[in-house]
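# Generate a structure from the sequence data that follows.
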Amino acid sequence: MDNIEKLKRLYEKGYKCIRYEDDEDGKFKMYFKNFEKEQIEDINSTNTSEINVLKSFVDKN
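Residues are numbered from 1 along each chain as shown. Okay, here's the model as predicted:
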């Protein structure tokens, strides 16, 4: 499953982005939490265009 689909499914399951960060090597990591189930998931990417889509989706939701 690609990261964009994973992101959409996490939101459908009630997860919310609690943090995202870029490191100096171009790695991007997003953290998600489902507050009802107290579960945490993450998404990692190094693809710049994918990262922009992920950030945009989170910012709109």
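
# going forward, measure contacts between C-alpha atoms and count neighbours the same way
Fine.

# Which positions within the longest helix along the chain qualify as buried?
Longest helix in the chain, counting residues (DSSP state H): helix 48-60. For helix 48-60, the neighbour count (16 or more other C-alpha atoms under 10 Å) marks 51, 54, 58 as buried.

# How about stretch 22-30?
28, 29, 30.

# Out of those, which sit inside strands?
In strands, judged by DSSP state E, the following of the buried residues of stretch 22-30 are found: 28, 29, 30.

# quick one on the thing from earlier: pick the one among the buried residues of helix 48-60 closest to residue 37.
residue 58 (20.2 Å; C-alpha to C-alpha).

# Let me know the pLDDT of that closest one.
pLDDT, residue 58: 95.

# In CSV, list the C-alpha atoms belonging to stretch 28-47.
What follows is stretch 28-47, C-alpha atoms only, in CSV (Å, rounded to 0.1, in the frame of the first residue of the first chain):
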residue,chain,number,x,y,z
PHE,A,28,10.0,12.6,6.4
LYS,A,29,8.1,11.0,9.2
MET,A,30,4.4,11.5,10.2
TYR,A,31,2.9,10.3,13.5
PHE,A,32,-0.8,9.4,13.9
LYS,A,33,-2.9,8.6,16.9
ASN,A,34,-6.3,7.1,17.3
PHE,A,35,-7.4,8.6,20.6
GLU,A,36,-10.3,6.2,21.1
LYS,A,37,-8.2,3.1,20.8
GLU,A,38,-4.9,4.7,22.1
GLN,A,39,-3.0,3.3,19.1
ILE,A,40,-0.2,5.0,17.2
GLU,A,41,0.9,4.6,13.6
ASP,A,42,3.5,6.3,11.4
ILE,A,43,4.3,6.9,7.8
ASN,A,44,7.8,7.4,6.4
SER,A,45,8.8,8.8,3.0
THR,A,46,11.8,10.3,1.1
ASN,A,47,9.8,11.1,-2.1
